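> Let me see the structure of the following:
(one chain, ligands or ions: 1)
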Amino acid sequence: MCGIVGYTGIQNAAPVLLEGLRKLEYRGYDSAGMAVVQDGRIAVSKVTGRIAGLVEKTEDGRLLPGTTGVGHTRWATHGAPTEPNAHPHTSNDGRFAVVHNGIIENYMELREELTRKGYHFESETDTEVVVHLVEMYYKGNLKQAVMRTSARLQGSYALGIVCADEPGKIFAVREASPLILGIGIGENYFASDVTALVAYTRNAIYLEDGEFAELTPDGIQVYDCAGRPIQKKISRITWDIQAAEKGGYDHFMLKEIMEQPRAVKATMAPRIKGSDIVLDDVDIDLKQINKIVITACGSAYYAGCAAKYAIEKLCRIPVLTELASELRYSDPLIDGHTLLIVLSQSGETADTIAAMRECKSRGAKTLAVVNVVGSTIAKTADWCLYTWAGPEIAVATTKGYTTQLTVLYLFALYAARKLETIDDAAYRKLLTSLKALPKLLQQALDMNPNITQLAKKYHCAYSMFFIGRNTDYAVALEGALKMKEISYIHAESYAAGELKHGTIALIHEGQPVIALCCNDSITEKTMSNIVEVKARGAEVLAVAFKDNQKIVSLADDMIFIPKVNTLFSAAVEIVPLQILAYHVAKENGCDIDKPKNLAKSVTVE
Ligand code: G6P
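Okay, here's the model as predicted:
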């Protein structure tokens, strides 16, 4: 939930840390801070609010000279977003500073123990115990102090630790929170995410849980939890710098919406060879699978809800969709004949990881669909299919969602062919429809210039209802989530057939209802629901195929999408809803890329 970054080298650390923090700000943005080792002491600067405040307070880092330091951008868990609760936290003697991403679960007992021993706490955070433990265990050897401290901690943590007595040195520790080391020449880095490193180096080391690293300007040494040196593979970062910049757009979200045709193509094209779908190293014995469970959180979960229809229809295997936060505690009915599909843009969502581990322990085969290379979910699953979407920075996912759908559609078609549940002609026809997706997404982007006007009409709404049936209902779930998370307008999705079982009581004069009508087989039914809500005064904005004249005569406003096979329609249909949410949020003056109270990577339960 937070972002951490560290630098040791030849330049002043603070500007490098600030640049890294800017890239990590999507992970949390309620307060920020840096600690730099200078002339045998540690100088700290913290602010509440955004990185821009830290830039201003430190005059672009100039007020914190020194060539070794750590930085943090926070999404508050323990204690309000105040300056004392902001990281880095320092020891009572001022000789140590720590930044942390994750949660120390046993911090209460550690805090009591340390208080009894005379350590004074300045914050309400769980993190502060770490720095006091390091001080307590330091006997002239930082590595030993770090190891003894780690052994006392329970929970998830990526830590960056500096010590005034060992200038030029940083320890970076990883346990169940992402941490990547960047290798430079005469300078070295760590960060929560490669986006913070890519401007400086393309050579990275991915730490595993239980490992820690000692960084100096001249090198990086990684150790296992017993302190034994280990050799790590150096990986090449393939994301480019531009991919992590706004590239002329007002917001990352708009840029990422516009990138979708390209991202979907990049995800799909390498996996279609002639008339074959080739899914990397996936060699699941599908004939042994009698149930598929899809688990995820947030939009990734909704991608699962939408793809369920395609997988069931094509493969004739029951597909259950389960929220990861529920699945993990549900004593799930899962065995060796279950395929668990785990969806996650970041690959680091805590509940999703926990649900996956729970199901794995019950024998499930696990297939991950992940965007961030080398992330925990990617590494834990039996097989991983990456969504080649490039970095997604806006908190509200867009290309993450559509590329997840793309992978699942590919999987559905691939599995159906393996299971022989569709014939060759149907397979070829569907493959052609699937290959058209990037082009159709581009058309969906281009064909609705009226959305900015619609946003002007609807932005004052107090609440909105999104209705649809079947695949349209799945899109309604994601459409409503997009609207509420960035525009702060209450939005609810309903299976259109459920309206008359309660929700219709909420329809009144002028109530906006977004009706999704892109599933030919049941559009007539949804149209009846449109008539019902209109009879009660609703203002209906319908989303439909260009040629659907009947809906034009019913609805107050229209958004069109190009004709697309129903099985794959969600990927196209969501596009105008993303744009609508974007423009409504813009009208309302919202902070689109960093909505209040949210964070992109939810690494706490
Ligand atoms: C957060 C993000 C959502 C995302 C969800 C799951 O809530 O704001 O956009 O869908 O986490 O994240 P994941 O990285 O697992 O896809």
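> how near is Asn92 to the ligand?
36 Å (Cβ to the nearest ligand atom, to the nearest Å). For every residue, glycine as well, the C-beta is placed using N, CA and C.
> and if you look at Thr321?
Applying Cβ to the nearest ligand atom, the value for Thr321 to the ligand is 14 Å.
> Flag every residue of this protein that's near the ligand.
Within reach of the ligand by Cβ under 6 Å from any ligand atom, the chain has these residues: 297-300, 344-346, 349, 352, 395-397, 598, 600-602.
> do that again at 5 Å, thanks
Contact residues, the chain versus the ligand (Cβ under 5 Å from any ligand atom): 297-300, 344-346, 349, 395, 397, 602.
> For Gln511, grab the count of nearby residues.
Look at Gln511: counted by other Cβ atoms under 10 Å, it has 18 neighbours.
> how about Phe96, what does it touch?
Applying Cβ atoms under 8 Å, 6 or more residues apart in numbering to Phe96 gives the contacts 42, 90, 131, 134-135, 138, 161-164.
> Let me see the backbone angles for it.
As for Phe96, its main-chain torsions (degrees, to the nearest 10) stand at phi -130, psi 150.
> possible to save the residues of the chain next to the ligand as TSV with distance to Asp382 and pLDDT?
Output for the residues of the chain next to the ligand, formatted as TSV (distance: Cβ to Cβ, whole Å; pLDDT from 0 to 100):
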residue	distance to Asp382	pLDDT
Cys297	20	97
Gly298	24	96
Ser299	24	98
Ala300	19	98
Ser344	15	97
Gln345	20	95
Ser346	20	92
Thr349	18	92
Val395	30	93
Thr397	25	97
Val602	24	76
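> From those, which land in strands?
Counted as lying in strands by DSSP state E, out of those, are Ser344.
> Rebuild the residues of the chain next to the ligand as CSV, extending it with distance to Ala474.
Output for those, formatted as CSV (distance: Cβ to Cβ, whole Å):
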residue, distance to Ala474
Cys297, 16
Gly298, 14
Ser299, 11
Ala300, 13
Ser344, 18
Gln345, 18
Ser346, 22
Thr349, 20
Val395, 22
Thr397, 15
Val602, 22
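> Most neighbours out of the residues of the chain next to the ligand, which is it?
Most surrounded of these: other Cβ under 10 Å gives Ser344, at 33 neighbours.
> related to what we said a few turns ago, closest one to Ala571 out of the contacts of Phe96, please.
Using Cβ to Cβ, Ile161 is the member of the contacts of Phe96 that lies nearest Ala571, at 44.2 Å.
> pretty sure that closest one contacts Val98?
Yes: counting by Cβ atoms under 8 Å, Ile161 touches Val98, with 5.2 Å between them.
> shared neighbours of the two, anything?
Counting by Cβ under 8 Å, 6+ apart, the contacts common to Ile161 and Val98 are 70, 130-131, 134.
> quick one: which of these is nearest Leu286?
Among the shared contacts of Ile161 and Val98, and counting by Cβ to Cβ, the member closest to Leu286 is Val130, at 46.1 Å.
> can you give me the helices for the stretch 501-605 of the chain?
Here the stretch 501-605 of the chain has its helices, by DSSP state H, counting those that start in this stretch, at 523-535, 549-554, 569-587.
> which of the ones you listed is buried the deepest?
Among the helices of the stretch 501-605 of the chain, ranked by average contacts under mean count of other Cβ atoms under 10 Å, first place goes to helix 569-587 (a mean of 26).
> Show me what the residue lying closest to Asn188 once chain neighbours are set aside bridges to in the sheet.
Excluding the flanking residues, the one nearest Asn188 by Cβ to Cβ, 6 or more residues apart in numbering is Leu215, at 4.6 Å. Beta-bridge partners for Leu215, by DSSP bridges, are Ile170, Ile220.
> Does Leu215 touch Gly184 like I think?
No: Leu215 lies out of contact with Gly184 (Cβ under 8 Å); the separation is 10.2 Å.
> before we move on, back to that, which of the contacts of Phe96 are buried?
Applying 16 or more other Cβ atoms under 10 Å to the contacts of Phe96, the neighbour count classes 42, 90, 131, 134-135, 138, 161-164 as buried.
> Just the ones of these in strands?
Among the buried ones among the contacts of Phe96, the members found in strands (DSSP E) are 42, 90, 161-163.
> Which strands and helices lie in contact with the helix or strand bottoming out on mean pLDDT in the chain?
Of all helical and strand segments in the chain, the minimum by mean pLDDT, DSSP states H and E falls on helix 549-554, at a mean of 89. Secondary-structure packing of helix 549-554 (3 or more Cβ pairs under 8 Å, 6 or more residues apart in numbering; DSSP states H and E): helix 523-535, strand 539-545.
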